[in-house]
Structures are given as C-alpha cells and as structure tokens.
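Asker: structure for the following, please:
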Amino acid sequence: MNAPGASTAKRSTRAAAAPAPDTLTPADRYQELFVAVQSGRVFADSKTFVDCAPRAEPEAVLAAYRAQCGEPGFDLAAFVQANFELVEPAPSDYVSVPGQPIAAHIADLWPVLTRHPQVHPPRSSLLQLPHPYVVPGGRFRELYYWDSYFTLLGLSGEHHRPLVRGMVENFAYLIDTHGHVPNGTRSYYLGRSQPPVFALMVELAQQQGAVDALDFLPQLRREHAWWMAGSEGLAPGDASRRVVRLAGGALLNRYWDERDTPREESWIEDVATAQACDREPALIYRDIRAACESGWDFSTRWMREPPPPGDAQPCAHVRAATAASLATLCTTDILPVDLNAFLHQLECTLATLSGQAGDAAAALAYSQQAEARRDAIGECFWDPQQGAFFDHDWRRGVRRSCLTAASVVPLFVGLATAAQAEALAETVSQRLLAHGGLSTTECGSDQQWDRPNGWAALQWMAVRGLADYGHEALSRTIARRWLATVAALYEREGKLVEKYALRRVERDDTAGGAGGEYPLQDGFGWTNGVTAALLAEHPQHTAHGCVAHAAAPQHR
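Answerer: The predicted model follows:
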C-alpha cells in the first residue's frame, strides 16, 4: 500500500496537469458584472454564466466591464459574448440508434459522458481533477458527488476498472485538496457537499477489484471529521454547522452550507424566492443551499409542516399541498434519516479499516460513535406505530409527518433491525409502491423530489436494502416495475432521463418526470448505472428486449 502522503502527492501532481480553475467563485470574482448578468437574464439558465470561461484574465474582464458599462448604448449581452467562452449544453449529447437494445445504448453512452481533465477550460469555475470522470449529462457537465456512486454501479467489468479507479481517486483528491467532497466540481459548490457516500464508493470499487479500500482510510477519516466539525463541547439543544446535539445528549447531523447568499447557479430564482418571503434573506438562502446538499432539491420533505397539536407557537408558513415557492423551506431544522444512516455506515467502515490498519484505539472510537448513532436513529427517526423511519424536526422535538423513500436507507446500509425491516416492507408496499416503482414521497407537489416522480438512486437503495433483509418479493417488484418504466420511455423516445413520472394506474403511459427549476435532462449518469445493474440482476426481464424507437413497444 502506498503511504498516504505519497498517494496525496501523486494525485496533486496529476491534477496540476489540468488547467487551473479560478480561485474565487463567479459571484466573488465578477461582483457587479455577475449581478448584472444574472439579474438581466442574459441567459435563460442561471447556470450558463457561472460555467462560462473568460477569454482573458478575470481581473481584466471585470476592469473592462467597469470601464465600459456606463457608456451610452452599452450592450451587456454583447460584452459577455465577447469576453466569455460559452459552454452551453447541446440539445442532446447523443443521438440514439433506432432499434438498438437498451443495454447497448447504455454501453455506448459511457464514453459520451466521460470527461478528461486535459480539456478543461482555464480560469473557469471548473475544479481540477487528476483523472477522467463520468458526468450526469445535459446541463450537468461536471462531476457530482452522490450521483457518482450510482453511476459506478453500471461500470462493472475489467475494461471499466481504470475509470472506476480514477473516479475514486478523484474523490480522494477532492478531500485532500478541499477537506471535503463538494456538491459538484465547481467553485460555486464548495460551500456544501452531498450525501456522504464516499465509503460506499470505496467499498464498491474494491468489490470490483479496482482499489484497495485501506488506501483511502486517511480521506475517509477526514471526510468524517468535516461532517462532525463543531461537535466538540456542543451543549445539549445547540447546533453548529452540520451537527446537532439533542436535549438528551444524542449527537446527530443535518444538512448545511457555509454560505447564506443566493446560489450562483440559480441566482435569479433564489432572489425571487427571498423577495416573495417575509423571512430574513440569509435564512432562506441557507435553507435553500442546505436542501441542495441533501441531493433532494427540492421537496416538501424540507418545507415547514403545520405545528403539532398543542403547539403554542404556530408557524406563519404552512406547507401547501402543491408548493409553488421555496419560501417555507426549513432544511436546517431537520435531522434527515438518510444522512445519519450514511454517516453510521461511514463510521462502521472507519472502525473496520482502522482495525485492519492496526489502530485499535481509533477502531474502538469509531465503533462507539456508530453504536451511539444507531441508538439515536432508532429513538429519533423510527415510528413503531407507522412502521417507518421519518425525519426529525430538532427545533420542535418531533418527527416529521410525510413518509419519504429516505426511509429505506437504514436498510440499505444495514443498521435497521429485522423487526423494523419487516414493518417497513409492509409500509412501503402500502404507501410508497407505485405501478412504475418506488415513489419519492407520499406528498404530491410541483417540486421534482416529490410524488409522482421516481428516481433511480432511490429504487436501487430500496431494492438492495429490502433484499438484504430477506424481503425478496417486494425487492423484485420494485426492480421489475422500475425497469419497465425506464424501458417504456426508451422504446418511445430512445433515451434515458434524470427522473420519471411514475404511473398512477396500470393503464397509464410512462413519461419523464417534471417539476423543479430546470427542464428534464437526458443522459443520464445514475439512471444508466442503476439500469445496467438491475438488468444484470434480472436477466429474464422484458427490458432486455426493448429497443429504441420501437415500432411495437412492449412496455407502457
């Protein structure tokens, strides 16, 4: 095994070959020019400008803007066009081949979705990486954190091992360089992370023969420390960044972002939300950003619920059945069951690897933290009457009311008891199972992480978690229904997409998902990965026989 210092130096050397990114975010770098471009809607998508690369040094571009913006007839759009290289997504990254089977289509997409550090534009917001990597597709042209674990599921086989190894090395490099894995590899994402699944990636890559998990122990320790920063000396009832100590003493985690300003990639949307809200702008901006760290951006899961009976201080903002605004987000008040389940898994991995490395004291410490977290998860999140895990509102001291697919994550990481798994399987079957797969939440809204949408990542965690606890029939049902959903759209449109609208009744036709801040995206990294993995596990499924633009579709 390489020494940790040698591994870090090697990654840094490889990354140095990539064009250097700007050290500041676009908002910090371009200041009033940034505000003018975003508020003036020079681009339909706020993400377009922050992904542009300047044609000259950023300081010179800003100086030129300041010198010219006051002149009569100044044309902002023309100035941006002249001074920035636009990297707008093409209408489609790939044209499907009529009659091509879905597995072959996915295999052909991997090179299309793979990016190489050597072709990164200099001085842009794109962060350095040492190795090639797979992007989701569409407007998402950078590496994303939790997406990548589910993408890696589809990169099996010896010929993919260098790419899998490089992906894991990229995440280790990000931790070495920035102290954590950012939401995505853009400077404007550095204030937050995403669900901490690096330990799961390392485990998967080791199973595929691509890496030795022990090589990444230093990075796993550092990621855990980043999530737990502020926990030392934290008083009961207090919170610091991503940690909350409950009144009873239990230590759990929440989502957070270091910044309390509008997201740069969604600047105009966030400003509009704050203007329509009677809350302090910094508070709503923080809750918006924290919801993005969750990966569930956005969902009624993070919106203010009506106060429980007897609450003497009812909240002025009550979540609507259909949430047209994000003004009621209260993400930082919520302890999410999935986040804490992932961190429990990380602590178990750290205990195991520390023991293998001969560090008995660290192994014991991480084991104790994992055991304490397991107990707290059972106490705070498990509802025995409803037979499911629910998020916890730590400020009110109550469980949340909306059932979500995050409830399956304790099964996926193996921390639930057999009795909890038995009850949860029944609850999922009755309340979240749809004709097209597993529903995201029980609540319907116009946000993309709500009913009726279904997401590949959630299907995979449910399928694997239920199977691991012996609930094979329900696991197979979800897998088969999801494969039929993906196959139906592929037969009709010849593509895989980011999310799907799950059929309400058997006779409905499958459609791509809707809702949220941007149009439905094609590609799509984690849908490809999960679909490939499920096809491999279900060799008799009719999806194997589906083809693009089928004359006689087999699926609805």
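
Asker: and residue 446, how many neighbours?
Answerer: 15 (other Cβ atoms under 10 Å). For every residue, glycine as well, the C-beta is placed using N, CA and C.

Asker: help me confirm that it comes into contact with residue 513.
Answerer: No. Using Cβ atoms under 8 Å, residue 446 makes no contact with residue 513, being 11.5 Å away.

Asker: got the contact list for residue 342?
Answerer: 195-197, 200, 409, 413 (Cβ atoms under 8 Å, 6 or more residues apart in numbering).

Asker: tell me the one of these nearest residue 228?
Answerer: Ranked by distance to residue 228 (Cβ to Cβ), the contacts of residue 342 are led by residue 196 at 10.8 Å.

Asker: quick check: the closest one vs residue 250, distance?
Answerer: Residue 196 is 19 Å from residue 250, where distance means Cβ to Cβ, to the nearest Å.

Asker: between these two, which has more neighbouring residues?
Answerer: residue 196 (22 against 18).

Asker: tell me if I'm right that the more buried one and residue 227 touch.
Answerer: Yes. At 6.2 Å, residue 196 counts as touching residue 227 under the criterion of Cβ under 8 Å.

Asker: any shared contact partners between the two?
Answerer: With Cβ under 8 Å, 6+ apart as the test, residue 196 and residue 227 both reach residue 343.

Asker: quick one: the strands in the stretch 151-300 of the chain?
Answerer: 239-240, 243-245, 251-253 (DSSP state E, counting those that start in this stretch).

Asker: could you measure the residue of the chain positioned farthest from its centre against residue 187, distance?
Answerer: The outermost residue of the chain relative to its centre, with distances by Cα atoms, centre = their mean, is residue 72 at 45.2 Å. Distance, residue 72 to residue 187, using Cβ to Cβ: 35 Å.

Asker: same deal with residue 493?
Answerer: 35 Å.

Asker: now residue 109
Answerer: 28 Å.

Asker: repeat that for residue 167.
Answerer: Residue 167 is 21 Å from residue 187, by Cβ to Cβ.

Asker: compare those two (neighbour count), which wins?
Answerer: residue 167 (27 against 22).

Asker: please name every helix or strand in contact with the helix or strand where residue 484 lies.
Answerer: Here residue 484 sits within helix 472-493, counting by DSSP states H and E. In terms of contacts (3 or more Cβ pairs under 8 Å, 6 or more residues apart in numbering; DSSP states H and E), helix 472-493 is packed against helix 102-113, helix 418-431, strand 433-434, strand 437-438, helix 456-468, strand 500-501, helix 525-537.

Asker: what helices and strands are in contact with the helix or strand containing residue 32?
Answerer: In this structure, residue 32 sits in helix 26-39 according to DSSP H and E. If you count contacts as 3+ Cβ pairs under 8 Å, 6+ apart, helix 26-39 packs onto helix 46-50, helix 58-68, helix 76-83, helix 267-275.

Asker: can you pull the buried residues of stretch 542-556?
Answerer: By 16 or more other Cβ atoms under 10 Å, the buried positions in stretch 542-556 come out as 543, 546-548, 550, 553, 555-556.

Asker: show the end-to-end separation of stretch 346-365, please.
Answerer: 13 Å (Cα to Cα, to the nearest Å).

Asker: quick one: low-confidence ranges for the stretch 51-200 of the chain?
Answerer: 88-94 (pLDDT under 70).

Asker: which residues are contacting the helix-or-strand element of the chain with minimal mean pLDDT?
Answerer: Across the helices and strands of the chain, mean confidence by mean pLDDT, DSSP states H and E is lowest for helix 4-15: a mean of 72. With contact meaning Cβ under 8 Å, 6+ apart, helix 4-15 is reached by 2, 117, 128-131, 169, 172-173, 176-177, 215, 217-218.

Asker: got a quick PyMOL command for the buried subset of these?
Answerer: To isolate the buried ones among those in PyMOL, judged by 16+ other Cβ under 10 Å, type:
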select buried, resi 117+128+129+130+131+169+172+173+176+177+215+217+218
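
Asker: quick revisit: want to throw the buried residues of stretch 542-556 into JSON lines with pLDDT?
Answerer: Below are the buried residues of stretch 542-556 laid out as JSON lines (pLDDT from 0 to 100):
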{"residue": "543", "pLDDT": "98"}
{"residue": "546", "pLDDT": "97"}
{"residue": "547", "pLDDT": "97"}
{"residue": "548", "pLDDT": "96"}
{"residue": "550", "pLDDT": "95"}
{"residue": "553", "pLDDT": "93"}
{"residue": "555", "pLDDT": "93"}
{"residue": "556", "pLDDT": "86"}
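
Asker: with secondary structure and distance to residue 429 added, can I get these in JSON lines?
Answerer: Formatted as JSON lines, the buried residues of stretch 542-556 follow (DSSP: H, G, I helix; E, B strand; the rest coil; distance: Cβ to Cβ, whole Å):
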{"residue": "543", "secondary structure": "helix", "distance to residue 429": "22"}
{"residue": "546", "secondary structure": "coil", "distance to residue 429": "26"}
{"residue": "547", "secondary structure": "strand", "distance to residue 429": "32"}
{"residue": "548", "secondary structure": "coil", "distance to residue 429": "33"}
{"residue": "550", "secondary structure": "coil", "distance to residue 429": "31"}
{"residue": "553", "secondary structure": "coil", "distance to residue 429": "28"}
{"residue": "555", "secondary structure": "coil", "distance to residue 429": "22"}
{"residue": "556", "secondary structure": "coil", "distance to residue 429": "21"}
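
Asker: just flag the most distant two among the contacts of helix 4-15.
Answerer: 117 and 217 (25.2 Å).

Asker: circling back: just list the residues touching the residue farthest from the centre of the chain, thanks.
Answerer: Counting by Cβ under 8 Å, 6+ apart, residue 72 has no contacts.

Asker: on that earlier part again, and the buried residues of stretch 542-556, which is closest to residue 35?
Answerer: For the buried residues of stretch 542-556, the nearest to residue 35 is residue 548 (44.1 Å; Cβ to Cβ).

Asker: and that closest one, what is it in contact with?
Answerer: Here residue 548 is in contact with 96-100, 102, 105, 490-491, 494-495 (Cβ under 8 Å, 6+ apart).

Asker: show the backbone phi and psi for it.
Answerer: With angles defined as degrees, to the nearest 10, residue 548 sits at phi -70, psi 140.

Asker: got a list of what the closest residue to it other than its chain neighbours touches?
Answerer: Counting by Cβ to Cβ, 6 or more residues apart in numbering, residue 494 is the residue found nearest to residue 548 once chain neighbours are left out, at 3.5 Å. Contact analysis of residue 494 by Cβ under 8 Å, 6+ apart lists 96-98, 100, 105, 548-549.

Asker: from these, which land in helices?
Answerer: Among the contacts of residue 494, the residues falling in helices (DSSP state H) are residue 105.

Asker: name the nearest of the buried residues of stretch 542-556 relative to residue 298.
Answerer: Closest to residue 298, out of all of the buried residues of stretch 542-556 and judged by Cβ to Cβ, is residue 556, at 28.7 Å.
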